[in-house]
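Novice: Generate coordinates for the sequence data below:
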Amino acid sequence: MAVGLGLVAHLVSGGVSPGIPVLIALTALLSMCASLLARINLPSWLLLVLCGLAQQVLHLAFDRLSGTFLLGAPAQHQHAATGLQPGQLTATPLVASGHSPDLMLDTHVAAALLTALLVARADISVTRALALLHRTTSGDPRKAHPGTP
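Specialist: I've put the predicted structure just below:
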C-alpha cells in the first residue's frame, strides 16, 4: 500500500517510475519491515512518523533507481536542470523538467497520511473481527448452531 501510494505521489508530481522488478523488490523489503513491526503495539504518532519515513525512503529510492538521480551529486538532484547550487532556492518550480519539489513533498506527505489512516483502520477492523471470532468460539449464547461454520 505504501509503495503504491508513494509511486502515485511520485508520478503525479513529475517523478519517474523505476522498473517493475525494482518496485517488486521495494514492496518486498517494505513488507518485511512492516511485518517485523506488526507485532508491536505502536502509538498513532509513531505510526505516522514511520509512514513519513517510509515515504522519504521511497522517494529517494524512486529517484535513484529510475535513472534520474545524478550519481556524482545526490544533494543536487532537484537543482541539476536549473544550474543552481545546493542551498540556493528558487521561487518557481522546475517547469522544464516537469518536476515540482513542492508538489513532490505535498504528495508524499499525503501518501504518508493516507497510508497511516488505512493501516490504523485496518488494525481496528482486524481487532473487531478477532473479537467477534473469539466471542463466537468461546461458547457465547449468541453463537450460531454448533454444526455451522
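Novice: dump the residue contacts of residue 9.
Specialist: 55, 104, 107, 108, 110, 111 (CB atoms under 8 Å, 6 or more residues apart in numbering). In short, each C-beta sits where N, CA and C put it, glycine included.
Novice: Just the element for the fifth one, please.
Specialist: The reference is to residue 110. Following DSSP states H and E, one finds residue 110 within helix 101-137.
Novice: So which elements touch that helix?
Specialist: helix 2-12, helix 44-65 (3 or more CB pairs under 8 Å, 6 or more residues apart in numbering; DSSP states H and E).
Novice: Residue 113 contacts residue 48, doesn't it?
Specialist: Yes: the pair residue 113 / residue 48 is scored as a contact, 7.3 Å apart, by CB atoms under 8 Å.
Novice: So which of those two has more stuff around it?
Specialist: Using other CB atoms under 10 Å as the criterion, residue 113 and residue 48 rank with residue 48 on top: 18 against 15.
Novice: okay, that one: pLDDT?
Specialist: Looking at residue 48, its pLDDT is 86.
Novice: try residue 24
Specialist: Predicted confidence (pLDDT) for residue 24: 92.
Novice: Tell me if I am right that it is in a helix.
Specialist: Yes: assessed by DSSP: H, G, I helix; E, B strand; the rest coil, residue 24 belongs to a helix.
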